Structure formats: structure tokens, C-alpha cells
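Student: For reference, the sequence and a predicted model appear below.
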Amino acid sequence: MKTILSITGSDGTGGSGVQADIRTITALGAKAATAITSITAQSTLGIQSFFDLPAAVVGSQIEAIFNDEEPQTVKIGMLRRTDVVVTVTEILKRYRPKHIIFDPVVRSANGDELMSAEVMQAVRKHLLPLCTLVIVRAEDKDLFKIQNQKLLVINKLQGHGHGNLLSSAIAVMLSRGADLPTAIAEAEKYLEQLAPEPTEQNGRAAALYNRFLDSVERFFAHYNDVAFYAEQLNVSSRYLAQVTKRFSSKSPKTMIDERIVREIEQRLLHSDQTVQEIAIGLGFSSQAQLSRFFRKMRHLSPTQYRNKAKGA
């Protein structure tokens with residue numbers, strides 16, 4: 001049984017990262033060995049935080065596998081530290097595996113940048129010349145224009161972890177002796193046969209988003225802090241922010257503030273309340289605080305807004 005070494009980050013959801021590599025490599029009949037570069041806290045809505053492992057820790061993991069199992073095929077994914085790039089490269093030069101497949105994690109599925117310019121420069125200088133194949137997304141291909149470099153450009157990702165699964169499958173096909181074009185074709189064929197990912201989590205996110213809207217409607221006059229709404233929904237503030245970003249491209253705070261400012265507008269236009277009375281009714285500490293908030297949102301004072309709307 002061929003051993004494939006995966007050098008990448010951990011994805012607790014199992015949709016990508018080392019977990020997906022293990023699943024794919026094992027399903028195709030090879031043995032998965034791993035070296036983890038980064039531990040992530042993430043959900044199906046995206047990455048919430050990182051702990052990037054020190055280069056010495058990453059290097060010791062890789063050394064242990066090469067010393068014991070001598071893998072001839074290596075698949076590399078998430079690299080987020082310059083010193084890790086250098087360490088990985090030095091070890092690969094020393095042990096000289098036959099195939100190195102690199103699936104660089106430049107950005108997350110949500111578009112967040114995951115690889116700094118410094119790390120990218122180190123990758124271009126040290127790692128790319130060693131690679132058998134580099135798999136990149138269409139929007140990232142200009143970052144990897146290296147002379148004589150073999151690129152596989154993915155024009156459209158088919159769900160979270162698509163590039164991850166493809167690179168692992170190609171690694172297995174190469175380990176069996178296939179040439180590169182055949183390995184790519186066989187790997188793509190394998191991915192086409194996989195069942196689509198379940199969408200229950202997306203349904204939960206949609207339901208959570210609707211519950212957030214309901215909560216804002218109920219409580220905006222008394223609470224404007226995101227933590228309150230996150231507690232009401234029994235999720236973290238960061239997770240709530242990922243939900244609202246997915247469905248509205250706005251932060252929870254922006255949505256709360258927009259609801260409050262719409263209420264202020266309604267009261268300015270359709271009631272005889274003074275600005276001070278509106279401020280008290282909506283939980284502002286003073287008329288001045290409401291005025292500052294309204295000016296920030298609408299670039300007018302409440303009085304200017306009322307007078308302009310009434311043609312005064």
C-alpha cells in the first residue's frame with residue numbers, strides 16, 4: 001500500500017484540510033500520513049481563528065514520517081508561515097520524494113486572505129520549483145506564473161474542499177504510476193462520482209439568520225450590542241457575523257444599527273416626539289448620543305433630517 005504524506009492544516013468540519021485528505025486517500029486505497037501546519041477553529045460558514053504551528057513542530061512531524069515510511073508522494077495544502085515554508089522545502093530537498101502536489105490555500109471559501117505576501121514570496125522562491133503540480137483557483141493563477149511551472153487551474157470550485165479533494169486524488173493516482181495527465185483525468189473522474197455534500201448546515205444557517213432578524217425586530221429598541229443577540233441565539237458573536245455576511249453581506253452590528261436608524265426616521269417623520277423623547281424611547285443615554293449616532297448613519301442631524309423631509 002502506497003503512503004501519501006499530507007502536509008496541511010486541520011479543518012474540524014472535515015470538509016477540507018487534513019481530515020478530507022485522510023478520507024480521500026483512504027477511500028482510494030492508499031495510506032494517509034499527515035503533518036499538520038495549522039489548527040483552525042471553523043464551522044461550515046468559515047474559519048474563525050488559527051493557531052499556526054511553529055516550524056520546528058511541523059518539521060519534526062515530516063521528518064518522522066520520512067524516516068519511517070519514505071513516502072514518494074507528498075500533497076501540500078495550507079502554509080501560513082515563512083519559516084514553515086523554508087523548513088518544508090529543506091526537508092523535501094533532503095528526502096527527494098518523486099511527486100509533490102501543491103494546493104496552496106491562498107484564501108478561504110468566503111474570500112478571506114489566508115496567505116500573506118511574505119509567505120507567497122517564500123513559496124515562489126523555495127517551494128514551487130520542487131513541485132510536480134500546483135493546483136490554483138482561476139483568480140489566483142497570476143500569483144503562480146513561474147517559468148516551466150506545471151499548473152492546473154480550477155475555473156469553478158464545486159463546494160468547500162473541492163481543490164483539497166482533487167489534489168489528494170491526483171496524489172494517489174501518481175503514486176500508482178500514472179503519468180500527470182492521466183492522474184488528473186482519473187482524479188477528476190473520481191470526484192464526479194462523489195455524492196454532493198449535504199446541505200443541512202446551510203439550512204440551519206438560513207434559519208439562524210431569520211431568527212436573528214426576528215430578534216432584532218423584537219429587541220432593537222432596548223439592545224444594540226451583538227453579544228446580546230448572539231446569546232439569544234446560543235451562538236458566538238463571530239459565528240453570527242459569518243451567518244449575516246453570507247446572507248446579507250453585512251455585519252450584525254450594521255444590521256442592528258440600520259434598524260435603529262430606520263425607527264428614528266419613522267418617529268421623526270410621523271410623530272410629534274422631540275429628539276430627546278425619541279432618544280429616551282430608544283434607550284440612548286442622551287439626545288446628544290442619538291444625534292451623533294444619527295449623523296454618523298445619515299450625515300444629517302435629526303433636526304436637519306426632519307426639516308428637510310417636511311420641506312422646511
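Tutor: Perfect, thanks for sending it.
Student: Show me where this protein has its strands.
Tutor: 3-10, 31-43, 46-52, 73-76, 99-102, 133-137, 151-154 (DSSP state E).
Student: pLDDT weak spots in the stretch 1-150 of the chain?
Tutor: Regions of the stretch 1-150 of the chain meeting the criterion pLDDT under 70 cover residues 44-45, 109-112, 145-149.
Student: how about the helices of the stretch 201-312 of the chain, start to end?
Tutor: 226-233, 237-248, 252-270, 275-281, 287-298, 302-309 (DSSP state H, counting those that start in this stretch).
Student: Quick check: end-to-end length of stretch 95-108?
Tutor: In stretch 95-108, first residue to last residue: 31 Å (Cα to Cα, to the nearest Å).
Student: How far does it sit from its chain's centre?
Tutor: 19 Å (Cα atoms, centre = their mean, to the nearest Å).
Student: the domain parsing of the chain - what is it?
Tutor: 3-192, 200-309 (automatic domain parsing).
Student: Output these in CSV; the columns should cover mean neighbour count.
Tutor: Where you see a C-beta, it was placed from the backbone N, CA and C, and this is true even at glycine. Putting the domains of the chain into CSV (neighbours: other Cβ atoms under 10 Å) gives the following:
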stretch, mean neighbour count
domain 3-192, 18
domain 200-309, 16
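Student: Return the backbone torsion pair for the residue lying closest to Gln72 once chain neighbours are set aside.
Tutor: Sequence neighbours aside, Lys98 is the residue nearest to Gln72 in space, at 4.4 Å (criterion: Cβ to Cβ, 6 or more residues apart in numbering). Main-chain dihedrals, Lys98, degrees, to the nearest 10: phi -70, psi -40.
Student: now swap in Gln72 and tell me
Tutor: phi -100, psi 0.
Student: Now do the contacts for it.
Tutor: 2-3, 97-99, 175 (Cβ atoms under 8 Å, 6 or more residues apart in numbering).
Student: Relative to Leu5, how far out is it?
Tutor: Gln72 sits 9 Å away from Leu5, going by Cβ to Cβ, to the nearest Å.
Student: what touches both of those two?
Tutor: Pro97.
Student: Which residues does stretch 24-35 contact?
Tutor: The contact list for stretch 24-35 (Cβ under 8 Å, 6+ apart) reads 1-8, 18, 21-22, 58, 61-62, 65, 69, 71, 164-165, 168-169, 171-173, 175, 190.
Student: now do the same end-to-end measure for it.
Tutor: OK, stretch 24-35 end separation, Cα to Cα: 16 Å.
Student: any idea which of the contacts of Gln72 is closest to Asp257?
Tutor: Closest approach to Asp257 among those (Cβ to Cβ): His99, at 52.9 Å.
Student: now that closest one: how far from Gly77?
Tutor: Computed with Cβ to Cβ, the distance linking His99 and Gly77 is 15 Å.
Student: still on that earlier bit, kindly reformat the strands of the chain as CSV containing distance to Arg211.
Tutor: Formatted as CSV, these follow (distance: least, Cβ to Cβ, whole Å):
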stretch, distance to Arg211
strand 3-10, 30
strand 31-43, 16
strand 46-52, 19
strand 73-76, 40
strand 99-102, 41
strand 133-137, 33
strand 151-154, 35
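Student: Now do the contacts for the closest residue to Ala227 other than its chain neighbours.
Tutor: With sequence-adjacent residues excluded and distances taken as Cβ to Cβ, 6+ apart, Ala227 is closest to Ser237, at 5.6 Å. By Cβ under 8 Å, 6+ apart, Ser237 lies in contact with 226-227, 230, 252.
Student: Quick check: Gly9 touching Ala20?
Tutor: No. The pair Gly9 / Ala20 is not scored as a contact, 10.8 Å apart, by Cβ atoms under 8 Å.
Student: so what pLDDT did Gln158 get?
Tutor: Note on Gln158: pLDDT of 64.
Student: Repeat that for Lys245.
Tutor: Lys245 carries a pLDDT value of 87.
Student: what sits against Trp183?
Tutor: Quick fix: residue 183 is Ala, not Trp. 170, 173-174.
Student: What pLDDT does the model give it?
Tutor: Here, the pLDDT recorded for Ala183 equals 92.
Student: Once you drop chain neighbours, what's closest to it?
Tutor: In space, and not counting its chain neighbours, Ala183 is closest to Met173: 3.6 Å by Cβ to Cβ, 6+ apart.
Student: Might one say that the one you found is in contact with Leu191?
Tutor: No. Between Met173 and Leu191 there is no contact under Cβ under 8 Å: 11.7 Å.
Student: Using CSV, write out every CA atom in stretch 223-235.
Tutor: Extracted C-alpha coordinates of stretch 223-235, given in CSV (Å, rounded to 0.1, in the frame of the first residue of the first chain):
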residue,chain,number,x,y,z
TYR,A,223,-30.4,46.3,22.9
ASN,A,224,-27.8,47.3,20.2
ASP,A,225,-24.9,45.1,21.1
VAL,A,226,-24.1,42.0,19.0
ALA,A,227,-23.3,39.9,22.1
PHE,A,228,-26.9,40.2,23.3
TYR,A,229,-28.3,38.7,20.1
ALA,A,230,-25.6,36.0,19.9
GLU,A,231,-26.6,35.0,23.4
GLN,A,232,-30.2,34.9,22.4
LEU,A,233,-29.4,32.6,19.5
ASN,A,234,-26.9,30.5,21.6
VAL,A,235,-24.0,31.0,19.2
